[in-house]
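**Student:** Give the three-dimensional model of this entry:
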Amino acid sequence: MTAKVTRPAGRPSAPVLLTADVDEGHARTRLEVLEAEKMWILLYQNRPVALRTLYATAQGMRFKYPRTGYNNRPHALRLAEQLNLRFNCEDFSVGLAQC
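**Tutor:** Residues are numbered from 1 along each chain as shown. You can find the predicted model right below:
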C-alpha cells in the first residue's frame, strides 16, 4: 500500500516505529505503531484504575473494558470529568504513567 496519508492540519505527526498492512477481506488498512512521548492514565483517589462495563445478552453477562490510558491529555481529562459527574465526586483525576 503506497497511498499518501494525509493528516489533520495542526496535529504534529509522531514518529512511526512499525507498520503492517492488514487485509481484512472487505478493507485494506495499515496499522502504524507510533512513538508516544507521554501516557496519561485515569486515577481514582490518586491510584491507577481500570474500568469495566457489564451488559446482559442472551448468552449471559458480558464485559467491556474501556480505555483508561491516553497519549493525549485532554481525552484523559474529559474521561475523568465524565466519571466525576456520573459518580458525583471529585476523586477521578489524570496522571502521567510511570515508564
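**Student:** can you tell me which residues contact the residue sitting furthest away from the middle of the chain?
**Tutor:** Distance from the C-alpha centroid of the chain, by Cα atoms, centre = their mean, peaks at residue 58 (28.7 Å). By Cβ atoms under 8 Å, 6 or more residues apart in numbering, no residues touch residue 58. Every residue, glycine included, has its C-beta placed from N, CA and C.
**Student:** ok, now residue 55?
**Tutor:** 61-62, 64 are the contacts of residue 55 under Cβ under 8 Å, 6+ apart.
**Student:** Alpha carbons of stretch 43-54, in CSV - could you do that?
**Tutor:** Output of stretch 43-54 as CSV, limited to C-alpha atoms (Å, rounded to 0.1, in the frame of the first residue of the first chain):
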residue,chain,number,x,y,z
LEU,A,43,-6.6,7.8,38.6
TYR,A,44,-9.2,7.3,41.4
GLN,A,45,-8.0,8.8,44.7
ASN,A,46,-4.5,9.1,43.1
ARG,A,47,-4.3,5.3,42.3
PRO,A,48,-4.4,3.9,38.7
VAL,A,49,-7.7,2.2,37.9
ALA,A,50,-9.3,0.2,35.1
LEU,A,51,-13.0,0.4,34.1
ARG,A,52,-15.4,-2.4,33.3
THR,A,53,-18.9,-2.2,31.8
LEU,A,54,-21.2,-5.1,32.3
